[in-house]
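Colleague: no FASTA, just this:
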């Protein structure tokens, strides 16, 4: 997956739902809690990567067209979990680029770009 699907501290946040991902997230439960706090996930959300992927590709319960997921830093997950998380976000953002109804904008701080590019490289899943 190519890291260019993300934005890096650029652009203006207007007209949309903002999902704030605070600095210092260290495990999946904290990531799921951050999503749940800002983006009320459906009751059926199953607290796993597949369920997050499913919810981010549905978004039928969200009125706003734009959803911004703003990271204060790269989550400090174990390497394989971080790769899964970044690939999941990239796949969901690409999904909404190809479908109508919503726009999913994933943002990281500019200084995280090189690290994310190293993790994702030119992978395609």
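Modeller: Sure thing, it's come through. As the structure is a computational prediction, the values presented were derived from the model and not from experiment.

Colleague: Where does pLDDT dip in the chain?
Modeller: By pLDDT under 70, the low-scoring segments of the chain are 1-3, 11-12, 122-125.

Colleague: Would you state the strands of the protein in chain order?
Modeller: Under the criterion DSSP state E, the chain carries strands at the ranges 7-8, 17-21, 66-71, 103-108.

Colleague: And those: which comes nearest residue 54?
Modeller: The minimum distance between residue 54 and these falls on strand 103-108, with 13.4 Å, by Cβ to Cβ. C-beta here means a position set from N, CA and C on the backbone, and glycine is covered the same way.

Colleague: need the contact list for the residue nearest the centre of the chain.
Modeller: Geometric centre of the chain, nearest residue: residue 89, 4.0 Å, by Cα atoms, centre = their mean. Counting by Cβ atoms under 8 Å, 6 or more residues apart in numbering, residue 89 touches 6, 56, 69, 106.

Colleague: Mind putting those residues into a markdown table with neighbour count and distance to residue 28?
Modeller: A markdown table is the format used below for those (neighbours: other Cβ atoms under 10 Å; distance: Cβ to Cβ, whole Å):
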| residue | neighbour count | distance to residue 28 |
| --- | --- | --- |
| 6 | 21 | 19 |
| 56 | 24 | 14 |
| 69 | 23 | 15 |
| 106 | 22 | 17 |
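
Colleague: Mind picking the two most distant members of the residues you listed?
Modeller: Top of the distance list for the contacts of residue 89 (Cβ to Cβ): 6 and 56, 13.9 Å.

Colleague: Residue 23 contacts residue 74, correct?
Modeller: No. With contact defined as Cβ atoms under 8 Å, residue 23 does not reach residue 74; the gap is 9.5 Å.
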